[in-house]
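S.K.: Please work out how this folds:
(one chain, ligands or ions: 5)
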Amino acid sequence: MSQSHAATRLRTVLAHLGGPRAKAVLAHPISKSISSANVHPQQFQYTLDNNVLSLEQRKFYEENGFLVIKNLVSSADIQRFQNEFEKICRQEVKPPGLNIMRDVAISKSEYDPRNENMVYKIQHFQEDKELFRYCTLPELLKYVECFTGPNILAMHTMVINKPPDSGKKSSRHPLHQDLHYFPFRPIDRIVCAWTAMEHIDRNNGGLCVIPGTHKGPLQPHDYPQWEGGVNIMFHGIQNFKDYDARVHIELEKGDTVFFHPLLIHGSGRNQTKGFRKAISCHFTCADSYYIDVKGTTQENIEKELKGIITEGYELDDSITLKDIWKFQARLVKGERTNL
Ligand SMILES: CCCCCCCCCCCCCCCCCCCC(=O)SCCNC(=O)CCNC(=O)[C@H](O)C(C)(C)COP(=O)(O)OP(=O)(O)OC[C@H]1O[C@@H](n2cnc3c(N)ncnc32)[C@H](O)[C@@H]1OP(=O)(O)O
Ligand SMILES: Nc1ncnc2c1ncn2[C@@H]1O[C@H](COP(=O)(O)OP(=O)(O)OP(=O)(O)O)[C@@H](O)[C@H]1O
Ligand SMILES: O=C(O)CCC(=O)C(=O)O
Ligand SMILES: [Fe+2]
Ligand SMILES: [Mg+2]
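M.R.: Ligands and ions are numbered 1, 2, ... in the order given. Next comes the predicted model:
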């Protein structure tokens, strides 16, 4: 990518996000003028034609691999998700298939069900009616459809309750691409919706992204060599160097980021005393298909996940990632045509 193209893109990202870094960069004029995209017919690869996104929003996602929609989820809904999350932590409800993860810094201590502050995140809430409402909100699906098309499956769900860092920096999530975990294609029909349940910025371990990286390949992932420990399955891109290109996204409660599964992203440690909360779902098109990850860079995560699942659930070794995903995918709109 040329220097001026990179500069223009960074400025577009910052203008869109706001915040102090944005103001500082935008204070300097760009020397090159606007790209030819304005005068030629558009070729879109990452978004679909359905008149929901403005041309500017489409171009932003195509170019950067993410898009922020402000104030998309209501405070009333977020309060309901928060209440249900607390009930799950207190073990008042136990939805089937739901997985509770504690931060590795406290993974060996006794679980105290009265204390939701022991939970780093919950995953696979597809059987919890109250939380799963998130994945069916019409205001959310309206945007999801711009990336997936009309037949929509919810594939992977999470509430992340990032704890104050213990001092070991284990609350960080290394820079990664979500596609590493996914054995379904086509890639461009997968999207993550990630909604802030409160004000989120760099200080409380908000999302940081490397704009434009969705245009590159899936890179090899493995555990980072961190002295203070790494959470289970938190693989990161090996030998990542381009730290200067990171953009920290600042969000208010209800703001939602939609991002591409190849976009390199992560989150820093939470330097506040609060538990930073977000709710998310990965969606894909039901017309998609599964791939065999044997012989690819994704083989290591399949092996690890299979190990955890066959041990924890006493299943036999013939189970594949495809079986697991097929089992937990849920239709949220249209028809379940294939996956
Ligand atoms: C996917 C989109 C992008 C995502 C990126 C995010 C990355 C992270 C995870 C991604 C997961 C992808 C999942 C794909 C899912 C496919 C579909 C699965 C279908 C299912 O429903 S399977 C359901 C189970 N789900 C999982 O297995 C997911 C991961 N599992 C966990 O996180 C579990 O909490 C855990 C830790 C494996 C076991 O939990 P539990 O049995 O409750 O824990 P114990 O206290 O008994 O501890 C057991 C053992 O683990 C150690 N431990 C606990 N927590 C951690 C931790 N945070 N980090 C490292 N190690 C941990 C604990 O110390 C114990 O160790 P021992 O040595 O004492 O045995
Ligand atoms: N030294 C590092 N080595 C590996 N990954 C890092 C390093 N520093 C930051 N990252 C990764 O970059 C992303 C964002 O980190 P960020 O710099 O915001 O957080 P932090 O280093 O915890 O806090 P801060 O730099 O604000 O004190 C995370 O994915 C984090 O894992
Ligand atoms: O909320 C976060 O810290 C980021 C989580 C994330 O990227 C993931 O789980 O894939
Ligand atoms: Fe991720
Ligand atoms: Mg840092």
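S.K.: With adjacent residues omitted, what lies nearest to S166?
M.R.: Take S166 and drop its neighbours on the chain: the residue closest to it by C-beta to C-beta, 6 or more residues apart in numbering is A105, 4.1 Å away. Backbone N, C-alpha and C define where each C-beta goes, glycine included.
S.K.: again, but for I152
M.R.: Computed as C-beta to C-beta, 6+ apart, the closest residue to I152 that is not its neighbour in sequence is K333, at 4.2 Å.
S.K.: Could you report the neighbour count for that neighbour?
M.R.: 20 (other C-beta atoms under 10 Å).
S.K.: Then the one 4 residues further on?
M.R.: Using other C-beta under 10 Å as the criterion, T337 is surrounded by 12 other residues.
S.K.: right, and S166 touches S109 too?
M.R.: No - if you go by C-beta atoms under 8 Å, S166 and S109 don't touch, sitting 11.3 Å apart.
S.K.: Which phi and psi values does the residue nearest to S166 adopt?
M.R.: Torsion angles at A105 (phi, psi; degrees, to the nearest 10) stand at phi -60, psi -30.
S.K.: Could you shift the numbering so residue one becomes 854, and keep it that way?
M.R.: Happy to do that; since the first residue is 854 now, the last one works out to A958.
S.K.: so it sits right up against K1022, yeah?
M.R.: No - taking C-beta under 8 Å as the contact criterion, A958 and K1022 are not neighbours in contact, 9.5 Å apart.
S.K.: The two: which is more packed in?
M.R.: A958 (19 against 15).
S.K.: and the more buried one, what does it touch?
M.R.: S1019, K1021, S1023, S1024, G1081, G1082 (C-beta atoms under 8 Å, 6 or more residues apart in numbering).
S.K.: again, but for I1053
M.R.: I1053 sits next to G1059, L1060, I1102, E1103, L1104, R1129, A1131 when contact means C-beta under 8 Å, 6+ apart.
S.K.: near ligand 1, from those residues?
M.R.: Applying C-beta under 6 Å from any ligand atom to the contacts of I1053, one finds that nothing falls near ligand 1.
S.K.: Just the residues you listed: which are in strands?
M.R.: When the contacts of I1053 are checked against strands using DSSP state E, the ones located there are L1060, R1129, A1131.
S.K.: Count residues in the vicinity of S1141, would you?
M.R.: Applying the criterion other C-beta under 10 Å, we find 22 residues in the vicinity of S1141.
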